[in-house]
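> fold the following for me, if possible:
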Amino acid sequence: MKWMSIDEYKALSGLDDGAIEDLISRGKLASKVEGGVRYIDPSRGASAVIPAKLKELEVLKEMKNISVEPMFVEKTIGTIINLHEKVLDAKDETLASLKNENEFLRDALSSLQELYEEDRKTIATLQEQLKLSQQEVEFMRRKYKLMWNKTIEEHTSHAST
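All right, here's what the predicted structure looks like:
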């Protein structure tokens, strides 16, 4: 085990005094004091000092060396094509469903228009009948008024004679 002074360790690692003291207090670095000088064991705390980004870069470097089997690629492409076909089938089913729904709505609207026309004709007929009935009632009212007036006149003329 080779010990080095804190100044040498700072120069080697690029860490400041506060960071080194933090690592020592957390037990990530081993240290000792000899002759009033503090020494660090760099081999023991190397994993705590190496930045996480360097570890990520190592993982990425290792991943570049990974080879993919042709069978895996073929299966993946096949899966993607199957999913695409299913999406297209679902789209076609949706379009067919929408066309059927539109046809149904068009037929329903046509039926409602026919019913509306029939109702308009019925209303016109009923209005005409009402008008005729009102005329007939008016005619009957005048007829009865004349009859009662004649009856009253005859009754008054018989009573005075």
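> tell me how far the closest residue to Arg38 other than its chain neighbours lies from Val33.
Once flanking residues are discounted, Arg38 sits nearest to Ile6: 5.1 Å by CB to CB, 6 or more residues apart in numbering. Where C-beta positions appear, they are placed from N, C-alpha and C, glycine not excepted. According to CB to CB, to the nearest Å, Ile6 stands 10 Å off from Val33.
> quick one: common contacting residues for the two?
Common contacts of Ile6 and Val33 (CB atoms under 8 Å, 6 or more residues apart in numbering): Tyr39.
> which residues in the chain form helices?
6-13, 17-25, 46-49, 52-64, 70-160 (DSSP state H).
> so which of those helices is nearest Ile40?
The closest of those to Ile40 is helix 6-13. By CB to CB, the value is 4.5 Å.
> which strands and helices lie in contact with the closest one?
Helices and strands touching helix 6-13, by 3 or more CB pairs under 8 Å, 6 or more residues apart in numbering; DSSP states H and E, are helix 17-25, strand 37-41.
> and the contacts of it?
Contacts to helix 6-13, defined as CB under 8 Å, 6+ apart, come from residues Met4, Leu15, Asp16, Asp17, Ile20, Arg38, Tyr39, Ile40, Pro42, Val49.
> how about that helix: buried residues?
Neighbour-count burial for helix 6-13 flags Ile6, Tyr9, Lys10, Ser13 (criterion: 16 or more other CB atoms under 10 Å).
> export these to TSV and append columns for pLDDT and distance to Gln135.
Shown next, in TSV, are these (pLDDT from 0 to 100; distance: CB to CB, whole Å):
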residue	pLDDT	distance to Gln135
Ile6	81	122
Tyr9	79	121
Lys10	80	119
Ser13	74	116
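> out of those, who's nearest Glu74?
Among these, and counting by CB to CB, the member closest to Glu74 is Ser13, at 48.9 Å.
> what about the closest one, distance to Ala19?
9 Å.
> next: Glu85.
The gap separating Glu85 from Ala19 is 58 Å, by CB to CB.
> neighbour-wise, which of those two wins?
Neighbours were counted for Glu85 and for Ala19 using other CB atoms under 10 Å; Ala19 has more, 13 against 10.
> what about this protein, any weak spots by pLDDT?
Along the chain, the model assigns pLDDT under 70 to residues 1, 44-68, 161.
> output stretch 106-120 as CSV, nothing but the C-alphas.
Below are the C-alpha coordinates for stretch 106-120, written out as CSV (Å, rounded to 0.1, in the frame of the first residue of the first chain):
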residue,chain,number,x,y,z
ARG,A,106,-78.7,9.4,-43.1
ASP,A,107,-81.6,6.9,-43.2
ALA,A,108,-82.9,8.2,-39.8
LEU,A,109,-82.7,11.8,-41.0
SER,A,110,-84.6,10.9,-44.2
SER,A,111,-87.3,9.1,-42.2
LEU,A,112,-87.6,12.1,-39.9
GLN,A,113,-88.0,14.4,-42.9
GLU,A,114,-90.8,12.2,-44.2
LEU,A,115,-92.6,12.2,-40.8
TYR,A,116,-92.2,16.0,-40.7
GLU,A,117,-93.8,16.4,-44.1
GLU,A,118,-96.7,14.1,-43.1
ASP,A,119,-97.2,16.0,-39.9
ARG,A,120,-97.3,19.3,-41.9
